[in-house]
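[1] got a sequence here, can you model it:
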Amino acid sequence: MIDTRSLITPHLIRNKNFYVAYSGGVDSTVLLKEVCEAAKKVNCNVTAIHINHGYSKFSDNWEQHCEKFCIEHDYPLQKFSLNIAEAEGASLESAMREKRYEIFQSLIGKNETLFMGHHLDDQIETLFFRILRGSGLKGSSSIPFKRNLGKGLLVRPFLNLSKKEIYEIAKLKKLKFIEDESNKDIKFDRNFLRNEVIEKISERWPNYRKSLSKYIENQKSSHEFLKEITTIELKKILHGKNIDVNKLKKYDSKYQKILILQWLEMNNCNSPSSSALDELTKFFVSSEKTKEPKFIWGSKEKGNYICLKIKKGIISIESTP
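    I've put the predicted structure just below:
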């Protein structure tokens, strides 16, 4: 059997607080069980987080299942509810995801970690999703294994495990979990990819996971190499922590985009959409008629507001905390 504990233990620290995103599905159930068992050996604190999305008639039943499971195993649990009516005018799928991460970010403190149960099949779905949206190298690297989340960290220890392997672990350990019927609802983009597109690929190329996993690793390596090169070039155009516009203009527009994205990442800022990035390099960087031009994306309400300003030939960043 796969030693899942070895995927988790390196991220645990004695006497520190850890959290597990727990939906009640097979992935998060196996993850919660393994994290809590590993934590006993390290002597650290683990809390399960369940978010009731309210989009299914079974949502309250799932919450009760999670509460019962945690009581039976003596796992601390924090519960939250979402109001999906607030998602009006937006993609329900992306809106729910955004709301979830807002909750996670508000909970995770400094030097604390949230574990999430994303696996290899999620990686591949994300890869297809981002390719269809025209993502570049970073997007094709798919889901990051580890990243910052608010003041703490987000870790996904199961990224190299397939869904089938996780089911096998759950069966072997006789774990009770729920099956979300909405996973079959193809009005959600991910479900359409999973049930209509990837299912067909699996029938034709049964070993597709291994091939695409290798592709993702290659993209990650290429992206890391590009970051190293870009960091060297970026230093040539920086004025303190900001960008010298005239030095930036010496680069072709496609290289300007790469430099700007790297600069934003270094400053922990969310990236603009590809269309906004086109406008940024085409109009904002080349702006000469406006005295002190600004370029804005995101919103202050959602905490992802970014405003670029040009003053005396220098581009600076204003963002929400």
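[2] lowest average confidence, helix or strand, in this protein?
    The weakest-scoring helix or strand in the chain, judged by mean pLDDT, DSSP states H and E, is helix 137-140 (a mean of 76).
[3] centre of the chain to it, how far?
    13 Å (C-alpha atoms, centre = their mean, to the nearest Å).
[4] ok, then the element right after that helix?
    Following helix 137-140 in sequence order, the next helix or strand is strand 146-149 (DSSP states H and E).
[5] what about that next one, average pLDDT?
    Within the predicted structure, the mean pLDDT of strand 146-149 is 89.
[6] domains in the protein, as residue ranges please.
    5-204, 213-319 (automatic domain parsing).
[7] mean neighbour count, those domains: which tops it?
    When the domains of the chain are scored by mean count of other C-beta atoms under 10 Å, the highest mean neighbour count falls to domain 5-204 (a mean of 17). Quick note: C-beta positions are derived from backbone N, CA and C, even for glycine.
[8] so where do the helices sit in the chain?
    5-8, 26-42, 59-73, 92-107, 120-132, 137-140, 163-172, 189-192, 198-204, 208-237, 245-248, 253-266, 274-279 (DSSP state H).
[9] of all those helices, which one comes closest to Leu153?
    Of all the helices of the chain, helix 92-107 sits nearest to Leu153, with 11.1 Å by C-beta to C-beta.
[10] residue ranges with poor pLDDT in the stretch 201-321 of the chain?
    Scanning the stretch 201-321 of the chain for pLDDT under 70 picks out the ranges 301-303, 319-321.
[11] rewinding a little: check which helices and strands the least confident helix or strand of the chain is in contact with.
    In terms of contacts (3 or more C-beta pairs under 8 Å, 6 or more residues apart in numbering; DSSP states H and E), helix 137-140 is packed against helix 120-132, helix 208-237.
[12] pretty sure Lys146 is touching Gly152, no?
    No - at 11.1 Å, Lys146 does not count as touching Gly152 under the criterion of C-beta atoms under 8 Å.
[13] hang on, the earlier thing: what residues does the least confident helix or strand of the chain touch?
    Helix 137-140 is touched from outside by Leu127, Arg130, Ile131, Arg133, Tyr215, Ile216, Gln219, Ser222, His223, Leu226, Leu261, with contacts defined as C-beta atoms under 8 Å, 6 or more residues apart in numbering.
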